[in-house]
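Engineer: sequence? don't have it. structure:
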């Protein structure tokens with residue numbers, strides 16, 4: 001009897017051998033999945049993913065900054081350091097609108113904008129599923145299921161995200177015409193509400209579809225559906241909040257003299273303003289992720 005085979009004396013021996021091999025393979029796959037989830041949930045891996053999150057965010061801001069012209073960089077630096085070089089200093093929505101147009105293009109109804117929005121959608125899916133995998137566990141998916149989800153993303157992510165991007169663009173342009181605090185907060189809230197509605201349509205469609213498919217016999221994995229078809233839609237909104245929030249943290253550090261001079265000496269805010277914002281944004285996201293992981297461990 002050879003290794004990995006079972007000797008049987010019945011005419012159905014070949015089929016039985018195949019069944020034994022398939023069961024063994026399935027058991028091996030399940031064992032591998034459990035081992036992978038054990039590795040993903042280890043403190044060292046969780047810490048490393050937080051570091052990767054920090055690096056990815058600050059790298060994104062750096063890549064965007066390299067495509068900006070010097071005038072836009074100067075305007076961002078002026079906003080951060082609060083030095084007046086003219087009769088007026090433009091508010092942050094104006095500078096972010098220029099950054100936004102540099103990434104997605106100034107014309108929304110164009111192939112350039114749609115293509116870059118599509119790339120951002122798939123990148124957001126990968127990031128969202130990565131956070132899900134490191135927080136909850138790696139989903140057990142076959143290649144057919146991965147392919148199906150990738151195709152479904154065209155209708156469940158790419159198109160809704162493109163609509164959401166238009167809505168965010170309109171809110172941003174309205175913010176550039178009114179620099180008062182309350183109208184800005186109102187427009188940011190409107191952006192959040194409409195993005196939630198747009199993201200909620202494919203999310204509930206997917207939930208109801210899975211519920212009908214399994215006829216209620218298998219619990220629907222709501223966190224996985226949310227990671228796949230809900231949270232990726234918030235890419236633009238999160239980017240907007242990170243830009244504004246991190247910028248105001250730097251301005252507060254400058255205003256109250258809390259480590260601003262040290263940060264400026266090491267990272268050169270005047271010459272690399274968007275990279276500086278990216279460093280703060282990456283640090284905030286990494287620390288928030290680590291805080292959630294620690295709280296989750298203590299809760300369990």
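Structural biologist: Good, I have the coordinates. Keep in mind that this is a model prediction, so the values were computed, not measured.
Engineer: which residue ranges of the stretch 201-300 of the chain form helices?
Structural biologist: Listed in chain order, the helices of the stretch 201-300 of the chain (DSSP state H, counting those that start in this stretch) span 222-229, 235-255, 260-267, 273-299.
Engineer: got those as JSON lines, with mean neighbour count columns?
Structural biologist: C-beta coordinates here come from the backbone N, C-alpha and C atoms, glycine included. Formatted as JSON lines, those follow (neighbours: other CB atoms under 10 Å):
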{"stretch": "helix 222-229", "mean neighbour count": "19"}
{"stretch": "helix 235-255", "mean neighbour count": "19"}
{"stretch": "helix 260-267", "mean neighbour count": "13"}
{"stretch": "helix 273-299", "mean neighbour count": "18"}
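Engineer: under the pLDDT cut-off, which ranges of the protein? List them.
Structural biologist: 1-34, 36-37, 40, 82-91, 179, 211-220 (pLDDT under 70).
Engineer: got TSV for the helices of the stretch 201-300 of the chain, with distance to residue 76 too?
Structural biologist: Formatted as TSV, the helices of the stretch 201-300 of the chain follow (distance: least, CB to CB, whole Å):
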stretch	distance to residue 76
helix 222-229	32
helix 235-255	8
helix 260-267	14
helix 273-299	4
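Engineer: quick one: closest of these to residue 77.
Structural biologist: Proximity to residue 77 (CB to CB) singles out helix 273-299 among the helices of the stretch 201-300 of the chain, at 4.2 Å.
Engineer: what's the angle from that closest one to helix 235-255?
Structural biologist: Computed by axes from the mean of the first three to the mean of the last three CA atoms, to 10 degrees, the angle separating helix 273-299 from helix 235-255 equals 100 degrees.
Engineer: before we move on, the earlier item: right, so of the helices of the stretch 201-300 of the chain, which gets closest to residue 74?
Structural biologist: Closest to residue 74 of these, according to CB to CB: helix 273-299, at 8.3 Å.
Engineer: mind checking the helices of the stretch 201-300 of the chain for the one nearest to residue 161?
Structural biologist: Comparing those by CB to CB, helix 235-255 comes nearest, at 7.1 Å.
Engineer: now do the closest one against helix 260-267, angle only.
Structural biologist: 120 degrees.
Engineer: residues in contact with stretch 250-265?
Structural biologist: 79-82, 269-270, 276-277, 280 (CB atoms under 8 Å, 6 or more residues apart in numbering).
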